[in-house]
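Participant: What follows is a predicted structure for the sequence shown.
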Amino acid sequence: MEEDKYAKELEVAVRIVHIACSLCQKVQKGLLSAGDEQVKSKDDDSPVTVADWSVQAVVSWLLSEFFGFQNVSIVAEEDVQTLSMSDSSHLLKAVVNTVNECLAEAAKYGLQSPKKALAASQILEAISQCNSTGGPTGRHWVLDPVDGTLGFVHGDQYAIALALIEGGELVLGVLGCPNYPMKKECLNYHQTMLVSPSSSDSREKGCVMYARRGSGRAWVQPLIHGDVKFEWPNSARLIHVSSIDDPSLATFCEPVEKTNSDHAFTAGLASSMGLKKQPLRVHSMVKYAAIACGDAEIFMKFARSGYKEKIWDHAAGVVIVEEAGGVVTDAGGHSLDFSRGLYLEGLDRGIVACSGSTLHEKLIGAVYASWDSSHL
């Protein structure tokens, strides 16, 4: 029976992330052609779009429909403060339309559509219901509706991330990566980003990766296109981390944004560890996806002083990398603790993910050797 534990939750989560990917692809296409009128700035100056609120509403409504409202607790990034302002009526209207257009296609993904279009009040309520603070007891879904919004608005990489925590432990993770190339030869490696060429057929990119804790397996499914109906398990195939353990051959990822990541420290760390390749700077949890499927070997993030890592920025990626054979810890080599609320409290300096224990041990050793001489 243990093999079947969380099987239904995982399947439902995968289906929901697929429909969220479809929503995001449509919104991104519109954003790139219409400009930035559907992009707002939050208090920390990070962008938020129609897609962020729409995905959160869709995921909240679908999880509540399937498992029952009273049984669903969701920790998520967005709130309705901006949408509820008097000068945001056009934005709210766009969210309402986007959500209803998406939910109208739910049957295509084997999910339940509402009997009639949701009203703005119902959609605001669905977004607001994602107000859990998590913690060490109970069952909590953890959602980042659009991770890497900056990449999203520029037509680059982003992810939809959904994980489940029970009793303070990660039990499953699902990561939708709508712009991630399904063919490795389509990857375009260079110093600042990971994108597939614009001429690439859209059918050759986009996937959903997922894993259940303790299974020792991680999977990837292609996105569905056109009128194709989602059929489980949707051509799923196993993925595994890279076997490269020589630092000189390893590809390492880090965040694009300098505001919450110290590129100077990671550059020194890479040099002392013997990493020869230029860093692959990637928006969002796509970094975890690249490691899980063997396209990169190392991800490291050392936030600047005062920045606190949020659980929704890591939960889904961590369980997928670990079940694909990788290692994820803080910079002191300790497992990440998802039981302490919205943030990864007690984090030792930073977060590192590696394709295997050999690279991980070398990286942790380099951190200890380099830390005292850094200016963090």
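Facilitator: Yes, it's here.

Participant: Now the helix ranked longest in the chain: buried residues?
Facilitator: In the chain, assigned by DSSP state H, the helix with the most residues is helix 7-34. Residues 9-10, 12-25, 27-28, 31 are the ones in helix 7-34 that count as buried (16 or more other CB atoms under 10 Å). In this view, the C-beta of every residue, glycine as well, is placed from N, C-alpha and C.

Participant: Same check on stretch 153-171?
Facilitator: Residues of stretch 153-171 classed as buried: 153-154, 156-166, 170-171 (neighbour count, 16+ other CB under 10 Å).

Participant: did I read that right, Ser84 in a strand?
Facilitator: No. Counting by DSSP: H, G, I helix; E, B strand; the rest coil, Ser84 is not part of a strand but coil.

Participant: what's the closest non-adjacent residue to it?
Facilitator: Among residues not flanking Ser84 along the chain, Leu124 sits closest, at 6.9 Å (CB to CB, 6 or more residues apart in numbering).

Participant: How about Asn179?
Facilitator: Closest residue in space to Asn179, ignoring its immediate chain neighbours: Gln157 at 5.4 Å, by CB to CB, 6+ apart.

Participant: So that neighbour is in contact with Leu150, correct?
Facilitator: No. In this structure, Gln157 is not within contact of Leu150 by CB atoms under 8 Å, at 10.0 Å.

Participant: Need the overlap of contacts for these two.
Facilitator: His283 (CB atoms under 8 Å, 6 or more residues apart in numbering).

Participant: For the residue nearest to Asn179, give its distance to Gly176.
Facilitator: For Gln157, the distance to Gly176 equals 12 Å [CB to CB, to the nearest Å].

Participant: residues in contact with Val220?
Facilitator: Counting by CB under 8 Å, 6+ apart, Val220 makes contact with 207-209, 236-237, 239, 293.

Participant: My reading is that Cys253 lies in a helix. Confirm?
Facilitator: No. Using three-state DSSP, the assignment for Cys253 is strand, not a helix.

Participant: Give me the pLDDT value at it.
Facilitator: Confidence at Cys253, expressed as pLDDT, is 94.

Participant: ditto for Ala34
Facilitator: Note for Ala34: predicted pLDDT of 64.

Participant: contacting residues around the residue nearest to Ser84?
Facilitator: For Leu124, the contact set (CB under 8 Å, 6+ apart) comprises 80, 83-84, 92.

Participant: all strands of the stretch 101-250 of the chain, in order?
Facilitator: Taking DSSP state E, counting those that start in this stretch to define them, one finds strands in the stretch 101-250 of the chain at 139-147, 159-166, 169-181, 188-189, 194-195, 205-212, 218-222, 237-239.

Participant: buried sites along the longest one?
Facilitator: Translated: strand 169-181. Neighbour counts over strand 169-181 (16+ other CB under 10 Å) mark 170-181 as buried.

Participant: which secondary structure elements does that strand contact?
Facilitator: Helices and strands touching strand 169-181, as assessed by 3 or more CB pairs under 8 Å, 6 or more residues apart in numbering; DSSP states H and E, comprise helix 7-34, strand 159-166, strand 205-212, helix 286-292, helix 315-323.

Participant: Redo the ones you listed as JSON lines? Include distance to Asp348.
Facilitator: Output for these, formatted as JSON lines (distance: least, CB to CB, whole Å):
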{"stretch": "helix 7-34", "distance to Asp348": "30"}
{"stretch": "strand 159-166", "distance to Asp348": "21"}
{"stretch": "strand 205-212", "distance to Asp348": "25"}
{"stretch": "helix 286-292", "distance to Asp348": "19"}
{"stretch": "helix 315-323", "distance to Asp348": "15"}
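
Participant: mean pLDDT for those: which is lowest?
Facilitator: When the helices and strands packed on strand 169-181 are ranked by mean pLDDT, helix 7-34 comes last with a mean of 93.

Participant: Wait, Pro247 touches Ser271, no?
Facilitator: No. Counting by CB under 8 Å, no contact exists between Pro247 and Ser271, whose distance comes to 10.4 Å.

Participant: for the nearest residue to Cys102 once chain neighbours are set aside, what are its contacts?
Facilitator: Of all residues not flanking Cys102 in the chain, Leu23 sits nearest, at 4.4 Å (CB to CB, 6+ apart). Leu23 makes contact with 51, 54-55, 58, 98, 102, according to CB under 8 Å, 6+ apart.

Participant: Would you tell me which one of these comes nearest to Thr358?
Facilitator: Nearest to Thr358 out of those is Val55 (CB to CB; 37.6 Å).

Participant: before we move on, what SS does that closest one have?
Facilitator: Three-state call for Val55 (three-state DSSP): helix.

Participant: Is it in contact with Ile160, as I believe?
Facilitator: Yes. Counting by CB under 8 Å, Ile160 is a contact partner of Val55 at 6.1 Å.
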